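Visitor: I'll drop the sequence and a predicted model, then ask my questions.
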Amino acid sequence: MSDYIVRATAADSQIRAFAVNTKEMVETARIAHGTSPVMTAALGRLLTAGAMMGTMMKGDKDVLTLQIHCSGPAKGLTVTADSKGNVKGYASNPVVDLPPNAKGKLDVGGALDLGVLSVIKDMGLKEPYVGQCQLQTGEIAEDLTYYFATSEQVPSAVGLGVLVDKDGVKQAGGFIIQLMPFTTDEVIDKLEKRIAEMDSVTGMLERGLSPEGILEEILGDFGLEITDTMDTQFYCDCGKEKVSRALASINKKDLDDIINDGESIEVKCQFCNKAYTFDIDELKEIRES
């Protein structure tokens, strides 16, 4: 597997950092959902962010959900991730087609337009933690930078990139750089200058930089220390049993109507588009349970 996450510290632990390559993950999502180029970029950026943010969770059963509800033609995006590098997600409208933006890039901001970003952390407590912010640009990286600063009070720099050509996903990856509360003004000023001068994520990936290489390029002058690496992948844990539980949750009248039609039905998982078929006997069994 070529997709993996690197975790690191720098400047005597005043900075913590994450970087990831997600080309296979985003390509898997593109194939599963048949996303258009702009939606491949949008979903790919959120999957990439989810992969890194999932590893910030501590517990084995903790689950992170990133949700965007928006007024643009994309309508919305949903990504979930665990602490072990497993990520899945889908776009509400996977086939948005827009002309390039003013910079000649895929117009992710135009596809999303105005909206709200929600970060939901289910850590096994009574209620999950929910943080929200308005979308600032719809480009996702800037929106997450704003979210970290306003909802979690953690000054951060988020970079996300997906490069798509006619054959599919050419490059995908990203980074998150975060400042600890005790970071000195000198380190902050130096880091801000470095980030302002650096290449784009896709530019670094096109130059062949690995996740370690991306962090070295950004933080090499800050005493970078790689602390951990972890595989990451697009992984959906759906199954017929899970889907049958979802069918059991619809009201009995609707289920009776389906049974009375006398035909098998096909139900698709939202996250991975895998189809499950239920015949009449199985539907009756679900109805009885």
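Guide: Noted; the coordinates are in hand. Numbers count the residues shown, from 1 in each chain.
Visitor: Now the phi/psi pair for residue 77, please.
Guide: The phi/psi pair for residue 77 (degrees, to the nearest 10) reads phi -140, psi 150.
Visitor: nearest spatial neighbour of it, skipping sequence neighbours?
Guide: residue 68 (4.5 Å; Cβ to Cβ, 6 or more residues apart in numbering). C-beta: built from backbone N, CA, C; applies to glycine.
Visitor: One more: residue 240?
Guide: residue 276 (5.0 Å).
Visitor: Tell me where the protein has helices.
Guide: 23-33, 37-54, 108-112, 141-151, 185-197, 201-206, 211-219, 240-248, 252-260, 280-288 (DSSP state H).
Visitor: my guess is residue 205 meets residue 160, correct?
Guide: No - counting by Cβ atoms under 8 Å, residue 160 is not a contact partner of residue 205; they are 11.2 Å apart.
Visitor: okay, and the common contacts of those two?
Guide: Residues touching both residue 205 and residue 160 (Cβ atoms under 8 Å, 6 or more residues apart in numbering) are residue 173.
Visitor: and the two? which has more neighbours close in?
Guide: Per other Cβ atoms under 10 Å, whichever of residue 205 and residue 160 has more neighbours is residue 160, with 28 against 25.
Visitor: What residues are bridge-paired with that one?
Guide: Note on residue 160: beta-bridge partners by DSSP bridges are residue 174.
Visitor: Then residue 278?
Guide: Legend: beta-bridge partners of residue 278 under DSSP bridges are residue 265.
Visitor: list the contacts for it?
Guide: 244, 247, 264-267, 286.
Visitor: Point out where this protein drops to low pLDDT.
Guide: 1 (pLDDT under 70).
Visitor: Count the residues that sit near the closest residue to residue 6 other than its chain neighbours.
Guide: Of all residues not flanking residue 6 in the chain, residue 211 sits nearest, at 4.1 Å (Cβ to Cβ, 6+ apart). The local packing of residue 211 (other Cβ under 10 Å) involves 27 other residues.
Visitor: ok, residue 211 - contacts?
Guide: 4-6, 19-21, 173, 175, 229.
Visitor: Okay, it and residue 7: tell me how far apart.
Guide: 10 Å (Cβ to Cβ, to the nearest Å).
Visitor: before we move on, what about residue 167?
Guide: The separation that residue 167 has from residue 7, given Cβ to Cβ, amounts to 31 Å.
Visitor: quick one, which of these two is more surrounded?
Guide: residue 7 (21 against 7).
Visitor: could you measure that one against residue 261, distance?
Guide: Going from residue 7 to residue 261 by Cβ to Cβ gives 52 Å.
Visitor: pretty sure the residue nearest to residue 240 contacts residue 242?
Guide: No - taking Cβ under 8 Å as the definition, residue 276 is not a contact partner of residue 242, at 9.1 Å.
Visitor: more crowded one of those two?
Guide: It is residue 276, of residue 276 and residue 242, that has more neighbours when counted by other Cβ under 10 Å, with 19 against 12.
Visitor: any chance you could map the strands in the stretch 1-150 of the chain?
Guide: Remark: strands assigned in the stretch 1-150 of the chain by DSSP state E, counting those that start in this stretch are 4-10, 15-21, 63-70, 76-82, 86-91, 115-122, 129-134.
Visitor: Tell me which of the helices of the chain sits most buried.
Guide: Highest mean neighbour count among those (mean count of other Cβ atoms under 10 Å): helix 37-54, with a mean of 28.
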